[in-house]
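1. Could you work out the structure for the sequence below:
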Amino acid sequence: MTLPAPDISIRPGTPADSAAIGRILADGWRQAYSGFMPKSELGPRIDPDYRAREVGAWLSTQFDPNAELLLVAEQAGHVTGFLAARLGDRNDVGSAAQVTLLYVAPEHQGRGAGRQLLLEAAEWLKVHAPGPVSIGAFEQNPFRSFYEAIGGVVVKAVVVRVDAREWPVVVYLWPSPEALQEGIRA
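-> Numbering: from 1, shown residues only. Predicted structure coming up:
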């Protein structure tokens, strides 16, 4: 088990974090998906500036703080990872909420930032969505074993369209935010 590093802090994300989140998101897509998605599908999704504008637009026009959560991990004053979650069940698996994005900068992976982000998100979910929690991951994502390692159970496979192509996604479920935390701490 990787214990969270003591020098990682978690805080709510803001529009001022858009550039850092955009960089991490672009790097994450390049790292996790370039092994199976063609470059034409990755397209602007691996461009940090494009992603920063996309995140900035989401945070300034669509983000609903009553139904969504954005957390960032910081180390030495730099954003090293982020998590987004929203209330509701997106894939008909009976979840009260879902973690929609979880990315850690490649150079900071394996140091506990992802676990710490999930632990903090689970605290928010205990208050706002005390039922089952889901996380979806592309079936070919080489990092999805992380969700199995922290107790996620595959409950459904769905198909997601990225531009002109469809990709299989597996949906992991935990019975509660507390179960998610227990899996992280195990």
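
2. Could you use CA atoms for every contact and neighbour count after this?
-> OK.

3. what about the helices in the protein?
-> With helices called from DSSP state H, the chain shows them at 18-33, 39-42, 48-57, 113-128, 145-149, 177-185.

4. what's the weakest-modelled helix or strand in this protein?
-> Lowest by mean pLDDT, DSSP states H and E among the helices and strands of the chain is helix 39-42, with a mean of 90.

5. Okay, buried residues for that one please.
-> Across helix 39-42, burial judged by 16 or more other Cα atoms under 10 Å covers Glu41, Leu42.

6. Which residues does that helix contact?
-> Outside helix 39-42, the residues within contact range by Cα atoms under 8 Å, 6 or more residues apart in numbering are Trp29, Arg30, Tyr33, Ser34, Val162, Asp163, Arg165.

7. Highest neighbour count among those residues?
-> Counting neighbours by other Cα atoms under 10 Å, Tyr33 leads the contacts of helix 39-42 with 20 neighbours.

8. so where's this protein uncertain?
-> For the chain, the stretches flagged by pLDDT under 70 are 1-6.

9. middle-most residue in it, spatially?
-> The chain has Leu102 as the residue nearest its centroid, 1.8 Å off, counting by Cα atoms, centre = their mean.

10. Report the separation between the residue nearest to that residue when sequence neighbours are not counted and Arg11.
-> Closest residue to Leu102 apart from its sequence neighbours, by Cα to Cα, 6 or more residues apart in numbering: Leu83 at 4.4 Å. Leu83 sits 10 Å away from Arg11, taking Cα to Cα, to the nearest Å as the criterion.

11. Name whatever forms a beta bridge with Val153.
-> Leu173 (DSSP bridges).

12. ok, back up a step: who has more neighbours out of Leu83 and Arg11?
-> Neighbour count, other Cα under 10 Å: between Leu83 and Arg11, Leu83 has more, with 23 against 14.

13. right, and that one touches Gln98 too?
-> No. Leu83 is not in contact with Gln98 according to Cα atoms under 8 Å; the separation is 10.8 Å.

14. sorry, back to before: if we compare the helices of the chain, which one ends up closest to Arg90?
-> Arg90 lies closest to helix 113-128 among these, at 15.7 Å (Cα to Cα).

15. Send me that closest one as CSV with only the CA atoms.
-> C-alpha atoms of helix 113-128 as CSV (Å, rounded to 0.1, in the frame of the first residue of the first chain):
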residue,chain,number,x,y,z
ALA,A,113,-1.8,11.9,-4.4
GLY,A,114,-4.5,9.8,-6.1
ARG,A,115,-5.4,8.0,-2.9
GLN,A,116,-5.4,11.3,-0.9
LEU,A,117,-7.7,12.9,-3.5
LEU,A,118,-10.1,9.9,-3.3
LEU,A,119,-10.0,10.0,0.5
GLU,A,120,-11.0,13.7,0.6
ALA,A,121,-13.6,13.2,-2.1
ALA,A,122,-15.1,10.4,0.0
GLU,A,123,-15.5,12.8,2.9
TRP,A,124,-17.5,15.1,0.7
LEU,A,125,-19.5,12.2,-0.6
LYS,A,126,-20.4,11.1,2.9
VAL,A,127,-22.3,14.3,3.4
HIS,A,128,-23.7,14.9,-0.2
